[in-house]
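Colleague: Curious how this folds, go ahead:
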Amino acid sequence: MEMTGVKAGDEVTYTCDKGHKLVGDQVRKCQLGGKWTGRDPICKYVECGRPLTLENGTYTLLDENLTTYQSRVSYRCNDNFTIIGHDQRSCLETGKWSGREPTCKLIECGEPEIPDGAQIPSNATFTIHSEIHFRCKPGHKISAVSTNDVATYKNGGTTLKCNPDGKWSGSLPTCIFVECGRVQPLLRGEVQYINGTTHLSSIASYSCNPGFRMIGSRLRVCSENGKWSDNAPKCEEIRCVSPEVPKNATVVYGGNDRASADSFRVGSTVQYRCIPGHLPVKGEPLRTCLPTGVWSNEPPLCMYIDCGLPRPVPHGHWLLPSNTTYYGSQVEYVCDVNFEIHGPRRRLCLENGTWSSNEPSCEVVACGQPDTRDDQTIIDGDSYIVEHWVTYSCSEGYRLVGNSSRMCGSDGQWTGDTPFCKLVDCESPSAIANGQGFLSNGTTTYHSVVQYRCLPDFQMVGEPTRTCLANGEWSGLEPKCVDIVLEIENTADGRHADGQDVDASKTIGIAIAVGAGALLIVIIIAAAICVKTRKAKAIKTSTTTALSGRIDHKDSSTIRAYPSIAAITASDNHNNGFGVRNHPNGLVTFSSNPQPIYANVNGHTAVENDDNQPVAVRALRNGVIQSESL
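Modeller: Numbering: from 1, shown residues only. This next block holds a predicted model:
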């Protein structure tokens, strides 16, 4: 114990002797009032505790079983074990045992020396009391007397034993190599060396080629005297005797290659065939000469089979090509004209004495439902069998294209091609002189309508419309446009062309009638001739093709150019019956809005349309306007 003083604030430090350890406060301090902090400590012996248990051994505490400082412990291993490490340890002041903890290990002798040509088992152990049995390697023999391939010594033995002192007892063997060499080749066979060696204990295996059997031992062993055991075997050809031939059968030999007339080589075959009308039962039709020198299987037994005559077939007959009814025979069936076979055409006589399949029948040839190519075709006919006819027709407004009748042929097909129905077409109606016509719906097929109109100064005789009928003709007769006879002197309002009142004219006429009668007659005749000369000529019809170009009017020196000549339009009809404008279905071409040429021709009043524009009427010839009237 060390002290710095006994005054307040002084300290005291406690220490223990070697082998002891302090328990309590190591340092205490003097406080005001004359007391030390803490409690008085104590010193105790250092304790190492009991050592760990020693496997395969024991330990002993040498100092009255104490485990305190400087106490000792002694270790000892069980029998057959040796200690590894220190056999005695001491308790240190650190509280631990000195050194490392020892172990007990089984005594070992280590791997012994192995002489040349010798070997030991792969699972050999080298610990105490273990024994190692030496064996000579393949191809070696022991130099001493031996009864087998294990080296056996009468003196000292072939076994080494591991002793408690860690050493082997006994002596090592001596092995000598033995070689027998390769054997002579085997005629018609071969030799194989098992493991590919020819030394002591090696084995040579003999085998013969296919078709040969071995005479002698198949295996030979290399002996200790350096020779092969037994004699070499021989290979002898294997042959089968001639096979028996069953009753009602014939034989065909295959792969015979006979060296004699009464034997066959291995692999030769014999094929049995029963004579016609017989069926092979039991046995097998094919037999082979086996490597054992016997024929495979048993020969067949041929039994006679007959199916008898087939039954008659209504509307047909049968034929026997071979004129036989026994097993394998064939019957063929043929139907009468206009009948076809239903079922097998040929049947065979089977092994059970019956004809194969079901008996066929002859049924009248039928063609099935005749086909159509459209929904407008109508077929009349209630029977579709051979030589019966069906008739084709069409719905109203359609015409049949193709043959109207077809017959069911003996081949089950309808004769000819399938007809079809096509919409009736009346084709374009001819144009009328001095008039025009157009198609209402732009077509000329069934129910289509053509409308006609006459040119100015012409009136229609006949119906103005015609309809395309189911017979492909236009209804009624073609109308005509004829001249209208006009009185040039009078107009619709009761006045002369020069505007003078009619009654006044009559008074003047009476006054001068007596004096100028003759002159008036001459003037009237001249005027009539002039009117006839200038009256518009009949207008010829033209095609509906639109034209353009010059207009040449023969009655005037004035030449006008029209921008176009287009087809008339049915939707633009006017009340005067002639103001018809461009229509794509027109049969005569008009210009609905020409440039005015004349206001009056030979006293005729110009015809105007609803737009108060004069309408030019012109006749065409080869695409050139020849005449024109208003």
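Colleague: quick one: Gly166 from Asn338, how far?
Modeller: Applying Cβ to Cβ, to the nearest Å, the value for Gly166 to Asn338 is 118 Å. Glycine gets a C-beta too; all of them are placed from N, C-alpha and C.
Colleague: and the residue lying closest to Val364 once chain neighbours are set aside, bridged to which residues?
Modeller: In this structure, Val364 finds its nearest non-sequential neighbour in Ile385, 5.2 Å apart by Cβ to Cβ, 6 or more residues apart in numbering. Beta-bridge partners for Ile385, by DSSP bridges, are Ala366.
Colleague: surely Ile385 meets Glu340?
Modeller: No: judged on Cβ atoms under 8 Å, Ile385 makes no contact with Glu340 at a distance of 10.8 Å.
Colleague: what residues are shared contacts of these two?
Modeller: Residues touching both Ile385 and Glu340 by Cβ atoms under 8 Å, 6 or more residues apart in numbering: 364-365.
Colleague: More neighbours: these two, which one.
Modeller: Glu340 (18 against 13; other Cβ atoms under 10 Å).
Colleague: burial count for the closest residue to that one other than its chain neighbours?
Modeller: Among residues not flanking Glu340 along the chain, Val365 sits closest, at 5.1 Å (Cβ to Cβ, 6+ apart). Using other Cβ under 10 Å, Val365 has 20 neighbouring residues.
Colleague: right, and Val365 touches Ile341 too?
Modeller: No: between Val365 and Ile341 there is no contact under Cβ under 8 Å: 10.5 Å.
Colleague: Surely Gly117 and Pro138 touch.
Modeller: No: taking Cβ under 8 Å as the definition, Gly117 is not a contact partner of Pro138, at 9.8 Å.
Colleague: what sits against the residue nearest to Val364?
Modeller: Per Cβ under 8 Å, 6+ apart, neighbours of Ile385: 364-367, 408.
Colleague: and which of these is nearest Lys227?
Modeller: Val365 (94.1 Å; Cβ to Cβ).
Colleague: which ones are touching the closest one?
Modeller: Neighbours of Val365 in contact, by Cβ under 8 Å, 6+ apart: 338-340, 385-386, 408-412.
Colleague: how does it look with 6 Å?
Modeller: Val365 makes contact with 338, 340, 386, 410, 412, according to Cβ atoms under 6 Å, 6 or more residues apart in numbering.
Colleague: got the phi/psi numbers for it?
Modeller: When read as degrees, to the nearest 10, the backbone of Val365 gives phi -70, psi 130.
Colleague: got it, and Arg220?
Modeller: According to degrees, to the nearest 10, Arg220 has phi -130, psi 140.
Colleague: Show me what it is bridged to.
Modeller: Ala204.
Colleague: shouldn't it be in contact with Asp230?
Modeller: Yes: between Arg220 and Asp230 there is a contact at 5.4 Å, judged by Cβ atoms under 6 Å.
Colleague: Which one's more surrounded, the two?
Modeller: Arg220 (22 against 12).
Colleague: Run through the residues that contact the more buried one.
Modeller: Contacts of Arg220 (Cβ under 6 Å, 6+ apart): 204, 228-230.
Colleague: and with 8 Å instead?
Modeller: Arg220 touches 183, 203-204, 206, 228-230, 232, counting by Cβ under 8 Å, 6+ apart.
Colleague: and what of Asn358?
Modeller: 343-344.
Colleague: Could you double-check that Gly19 lies in contact with Glu47?
Modeller: No: at 10.5 Å, Gly19 does not count as touching Glu47 under the criterion of Cβ under 8 Å.
Colleague: So for the two, which residues contact both of them?
Modeller: Between them, Gly19 and Glu47 share the contacting residues Thr68, judged by Cβ under 8 Å, 6+ apart.
Colleague: Kindly state the beta-bridge partners for Trp295.
Modeller: Cys289.
Colleague: Kindly report the same for Cys30.
Modeller: Trp36.
Colleague: Near it, how many other residues are there?
Modeller: With other Cβ under 10 Å as criterion, Cys30 counts 19.
Colleague: What's the separation between it and Val23?
Modeller: Cys30 sits 22 Å away from Val23, going by Cβ to Cβ.
Colleague: Also Thr82?
Modeller: 43 Å.
Colleague: Also Tyr446?
Modeller: 137 Å.
Colleague: Pro299 too?
Modeller: Distance, Pro299 to Val23, by Cβ to Cβ: 115 Å.
Colleague: show me where the stretch 401-550 of the chain has helices.
Modeller: With DSSP state H, counting those that start in this stretch as the criterion, the stretch 401-550 of the chain has helices at 502-534.
Colleague: so where's it uncertain?
Modeller: 485-550 (pLDDT under 70).
Colleague: All the strands of it, in order from the start?
Modeller: 405-407, 420-423, 435-439, 449-454, 458-461, 465-467, 480-483, 547-551 (DSSP state E, counting those that start in this stretch).
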